[in-house]
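Trainee: Here is my input, please return the structure:
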Amino acid sequence: MSRSHYEFLNFSLPFMFCLVPLVCSQLDYKFYDYTCPNLTKIVRYGVWSAIANDTRMPASLLRLQFHDCFVNGCEGSVLLDGGEKNALPNMNSARGFEVIDAIKANVEKACPSTVSCADILALAAREGVFLQGGPYWSVPLGRRDGLTTSESAANTELPSPFEPLANITAKFASKGLDMNDVVVLSGAHTIGFAQCFTFKPRLFDFDGSGNPDPTLDASLLSSLRSVCPNQDSSDSNLAPLDPVSSAKFDNIYFKNLLNKSGVLQSDQALMGDNRTAAMVLNYSKYPFLFTRDFGASMVKLSSVGVLTGKDGQIRQNCRVVN
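Mentor: Presented below is the predicted three-dimensional model:
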């Protein structure tokens with residue numbers, strides 16, 4: 001390994017204070033300091049290697065973390081074969097499983113039967129954001145892996161881009177997340193891509209009107225129609241969620257919403273409520289505010305429904321229970 005790679009892997013940042021006291025009572029920022037001291041380096045290198053092969057991977061890992069935590073809590077159930085992987089929000093769209101598998105294999109070599117798949121996923125999501133220019137937040141650790149995975153729970157509990165804002169906010173609230181978390185975590189769409197079927201009704205037949213969504217910028221409409229023509233064969237085509245800077249984790253997503261350039265209907269809907277619109281405006285003006293709040297919201301998200309101690313297990317293979 002070259003000197004530059006070695007220095008990269010040893011990069012560290014200052015300790016972040018506990019942002020969610022309840023989390024700190026269950027988890028520990030230093031959980032693996034003695035049992036697996038090189039854990040962060042191993043995860044970072046695994047994510048960095050994956051990004052070298054696929055620049056979409058940071059968004060995919062972040063989405064995987066979100067989808068894991070919203071169903072049965074942050075206990076790695078989305079990584080199990082069957083169940084959640086077969087749910088409509090995940091089938092043919094959830095990605096990054098092989099990256100977690102590769103990192104897990106390297107972690108097992110260094111620290112056998114020590115680190116849960118759920119913790120690896122939480123760290124990988126953070127590393128992906130950080131390596132794409134986004135914030136760094138300290139991840140409290142000590143999660144255990146769950147034993148079950150539910151296709152039906154994933155179908156009902158995960159927010160959908162077709163749902164109204166009130167429904168999405170209610171789903172967040174059911175996980176202990178508030179309206180500010182809805183807005184700031186939606187900012188994750190500053191990276192990544194969406195399949196055409198998730199927004200195509202806005203381009204051709206909004207609300208059954210036979211016309212495009214009037215809140216969609218005309219220039220963006222034309223661009224999206226070129227990627228997603230009005231035919232079934234284009235449903236799986238991909239378009240960037242942030243048409244301006246999809247390769248960098250920044251606050252441009254919020255500026256896009258102000259310019260009627262949110263790709264998903266659920267994103268642009270943030271401008272339809274005075275409370276969320278005010279937050280969008282603030283994040284568009286103050287990038288530091290967004291990066292600070294994003295890290296705090298990710299700590300909250302990664303604490304949802306965690307299993308600790310004897311409540312779960314440490315899977316040797318993230319795809320199957322021991």
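Trainee: Tell me where the stretch 101-250 of the chain has strands.
Mentor: Secondary structure of the stretch 101-250 of the chain (DSSP state E, counting those that start in this stretch): strands at 193-195, 238-240.
Trainee: quick one, which of these is nearest to Lys300?
Mentor: With Cβ to Cβ as the criterion, Lys300 lies closest to strand 193-195 of the strands of the stretch 101-250 of the chain, at 24.4 Å. For glycine as for every other residue, the C-beta is placed from the backbone atoms N, C-alpha and C.
Trainee: Can you give the strand pairings for that closest one, parallel or anti for each?
Mentor: Its sheet considered, strand 193-195 pairs with strand 238-240 (antiparallel) by DSSP bridges.
Trainee: The helix or strand following the strand it pairs with packs against which elements?
Mentor: Per DSSP states H and E, strand 238-240 leads on to helix 252-258 as the next helix or strand towards the C-terminus. Contact here means 3 or more Cβ pairs under 8 Å, 6 or more residues apart in numbering; DSSP states H and E; on that basis helix 252-258 packs against helix 265-268, helix 274-285.
Trainee: most tightly surrounded among these?
Mentor: Looking across the helices and strands packed on helix 252-258 with neighbours counted as mean count of other Cβ atoms under 10 Å, the highest average goes to helix 265-268: a mean of 22.
Trainee: neighbours around Gly305, how many?
Mentor: When neighbours are defined as other Cβ atoms under 10 Å, Gly305 has 17 of them.
Trainee: Revised request: answer the last question for Gln316.
Mentor: 15.
Trainee: Quick check on it: phi, psi?
Mentor: According to degrees, to the nearest 10, the main-chain angles of Gln316 amount to phi -80, psi -30.
Trainee: list the contacts for Val47?
Mentor: Met57, Pro58, Leu61, Val99, Ile103, Ala124, Glu127, Gly128, Leu131 (Cβ atoms under 8 Å, 6 or more residues apart in numbering).
Trainee: Sort out which of these are in helices and list them.
Mentor: The helices, defined by DSSP state H, take in Met57, Pro58, Leu61, Val99, Ile103, Ala124, Glu127, Gly128, Leu131 from the contacts of Val47.
Trainee: Out of those, which is nearest to Val306?
Mentor: Nearest to Val306 among the ones in helices among the contacts of Val47, counting by Cβ to Cβ, is Ala124 at 16.4 Å.
Trainee: Give the closest residue to the closest one in space, chain neighbours not counted.
Mentor: Excluding its sequence neighbours, the residue lying closest to Ala124 (Cβ to Cβ, 6 or more residues apart in numbering) is Leu61, at 4.9 Å.
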